[in-house]
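In: Below is the sequence, then the predicted model.
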Amino acid sequence: MKIFGAPLSPFVRKVMIYCAERDIPYDHVPIFPMGPDGQNPEFLAASPLGKIPAIEDDGFTLADSSAIIHYLEAKHGQALLPEDAQARGQAIFFDEIADTAIAAVTGPIFFNRVVAPKFMGREGDMAAADVAEKETLPPILAKLEKLMPDDSAYLVGGALSVADISLASVFINFKHGGVTVDSDHYPKLSAWLLAIWDRPSFQRQMALEARILG
């Protein structure tokens, strides 16, 4: 299987970590959609809209991180989507808010503080990044703190699931943008995040990204 995309993308990262947790082998094809490699014919065949991540698996192509994970769960046996109906609903809920509400806040922070200066050679909009960090993000963190379980190291079902992978993945972009989760204000969220990041799959991924960022 080939995974097309940039590891610094929270969506690409989610699929790569999922595969690491499932021991699913893959070849990574680096794609930065806004650069020349965004015109890679293999990539565009797998992702007609030019979105990352995308996969090619024995001739089957698919784009979108959640769709890819559901496909892999069906193909390789269900392991990271809970069997219980309520737990599964919660896992999909966390996956969705990670991909939408949380990722939307990482965008101006990560783009303006990392992507623009490091990969595009221009100054980012630091005011926009500051607004996202200081005004938009705190209410979301407060809500997430309330959603953290009191009796488990995992978000749903008492075991690692796509919920943990998705939410912890998107928070890495905050880390790259210089944002930390204050353990005094958000103790459960902070403790959960550090524990998930300590997993070998996340440690290897974060080491890879550290090398990319130099």
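Out: Yep, that arrived.

In: end to end, how far does stretch 100-113 reach?
Out: Across stretch 100-113, the terminal residues are separated by 20 Å (Cα to Cα, to the nearest Å).

In: Need the residues that contact it.
Out: Outside stretch 100-113, the residues that touch it by Cβ atoms under 8 Å, 6 or more residues apart in numbering are 8, 10-11, 124-126, 128-129, 131-133, 136-137, 140, 167, 170-171, 173-174, 176-179. No exception for glycine: its C-beta is placed from N, CA and C like everyone else's.

In: list the buried ones in it?
Out: Buried residues in stretch 100-113, counted by 16 or more other Cβ atoms under 10 Å: 102-103, 105-113.

In: Likewise for stretch 24-38?
Out: Buried, per 16+ other Cβ under 10 Å, within stretch 24-38: 24, 26, 28-29, 31, 33.

In: Now tell me what touches that stretch from outside.
Out: By Cβ under 8 Å, 6+ apart, the list of residues contacting stretch 24-38 reads 1-7, 16, 18-19, 40, 42-43, 50-52, 55, 72, 76, 119.

In: Which residue is the nearest non-sequential neighbour of residue 136?
Out: residue 105 (5.3 Å; Cβ to Cβ, 6 or more residues apart in numbering).

In: Let me know the helix or strand that the one you found is in.
Out: For residue 105, the element it lies in under DSSP states H and E is helix 103-110.

In: next helix or strand past that helix?
Out: Beyond helix 103-110 on the C-terminal side, the first helix or strand identified by DSSP H and E is helix 126-131.

In: So which other helices or strands are in contact with that next one?
Out: When contacts are defined as 3 or more Cβ pairs under 8 Å, 6 or more residues apart in numbering; DSSP states H and E, helix 126-131 sits against helix 103-110.

In: Quick one: mean pLDDT over the helix it packs on.
Out: Taken as a whole, helix 103-110 carries a mean pLDDT of 97.

In: what distance separates it from the centre of its chain?
Out: For helix 103-110, the distance from its own C-alpha centre to the chain's C-alpha centre is 12 Å (Cα atoms, centre = their mean, to the nearest Å).

In: Could you give the number of residues near the residue nearest to residue 20 when sequence neighbours are not counted?
Out: Spatial nearest neighbour of residue 20, excluding adjacent residues (Cβ to Cβ, 6+ apart): residue 201 at 3.8 Å. Neighbourhood size, residue 201 [other Cβ atoms under 10 Å]: 19.

In: Renumber starting at 836 from here on
Out: Let's use 836 as the start, then, which means that last one is residue 1036.

In: in this structure, which segments are predicted with low confidence?
Out: 873 (pLDDT under 70).

In: Strands of that one, residue ranges please.
Out: 837-839, 862-864, 889-892, 895-898 (DSSP state E).

In: who does the last one touch, helix- and strand-wise?
Out: Translated: strand 895-898. Short answer (3+ Cβ pairs under 8 Å, 6+ apart): strand 895-898 packs on helix 876-881, strand 889-892.

In: circling back: and the strands of the chain as TSV, adding distance to residue 990?
Out: Conversion of the strands of the chain to TSV gives the following (distance: least, Cβ to Cβ, whole Å):
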stretch	distance to residue 990
strand 837-839	24
strand 862-864	27
strand 889-892	25
strand 895-898	25
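
In: Quick check: which of these is nearest to residue 995?
Out: Of all these, it is strand 837-839 that lies closest to residue 995, at 20.2 Å by Cβ to Cβ.
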